[in-house]
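Asks: sequence and predicted model, in that order:
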Amino acid sequence: KAPDDIGMSGYLSVLQMDKGDMNAAHQLAAEVLEKEPDNPDAALVESLWHIEQQEIDLAQQHAEAVVRTEPDNPRGWFAKGLVHMYRQEHAEAITAIETALRQTPNHVGTIVTLGWARFAARDVLGAERTFRQAVTADGTFAEAHGGLAVMLIFQKRLDEARRETQIPQGLG
């Protein structure tokens, strides 16, 4: 394959991943990386694949490759954040996910993940603010309401928590 074809195959692996076919995405990404080790699209797929497999050292290597090649790649920073979360490196996880959010400020899934990272760091108030930000970004995202409800329960604000748990039920 010509280099352009390899680059397109890296991008195709991301599309396969986004479609939900992670096995095919992983196979294609691995082939791309054999020919073009610095391909950021294939490295992203491989990072997320290895996170799913709980092969965190490999996931980290690929996430590092993404942000080294594309320092503004939000998904690369998100993958780095997930690696840090897995390792319970809370401050590093929060920093990486916040870096991703600077590129995609209203991406509700990333905001929710940041909320859980703050919760894991035992910052319940920060997590509450973050889940409220997620609800503002997308009021139909049930996990944002669920995360907010958990933070309210931890603060013994049970009536508010109960209301938050009822919102997602009405979304279905």
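Replies: Perfect, thanks for sending it.

Asks: residue contacts, Trp116?
Replies: For Trp116, the contact set (Cβ atoms under 8 Å, 6 or more residues apart in numbering) comprises 85, 127, 147. C-betas here are computed from N, CA, C, even on glycine.

Asks: looking at those, which is nearest Ile153?
Replies: Gly147 (10.8 Å; Cβ to Cβ).

Asks: what about the strand or helix carrying that closest one, distance to the chain center?
Replies: Element membership for Gly147, per DSSP states H and E: helix 142-154. From the chain centre to the centre of helix 142-154 is a distance of 18 Å (Cα atoms, centre = their mean, to the nearest Å).

Asks: now it: buried residues?
Replies: 143-153 (16 or more other Cβ atoms under 10 Å).

Asks: all helices for the protein, in order.
Replies: Secondary structure of the chain by DSSP state H: the helices cover 3-19, 22-35, 40-52, 56-69, 74-86, 90-103, 108-120, 124-137, 142-154, 158-171.

Asks: will you turn those into CSV that also has mean pLDDT?
Replies: What follows is these, written out as CSV (pLDDT from 0 to 100):
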stretch, mean pLDDT
helix 3-19, 88
helix 22-35, 97
helix 40-52, 98
helix 56-69, 98
helix 74-86, 98
helix 90-103, 98
helix 108-120, 98
helix 124-137, 98
helix 142-154, 96
helix 158-171, 85
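
Asks: tell me how far Thr113 lies from Ile51.
Replies: Applying Cβ to Cβ, to the nearest Å, the value for Thr113 to Ile51 is 12 Å.

Asks: out of these two, which sits in the busier spot?
Replies: Shown here are Thr113 and Ile51; by other Cβ atoms under 10 Å, Thr113 has more neighbours (23 against 20).

Asks: ok, now which ones touch that one?
Replies: Thr113 neighbours (Cβ under 8 Å, 6+ apart): 78, 81-82, 85, 97.

Asks: not counting residues beside it along the chain, what's closest to Glu31?
Replies: With Cβ to Cβ, 6 or more residues apart in numbering as the criterion, Glu31 has its nearest non-adjacent residue at 7.1 Å, and that residue is Ser9.
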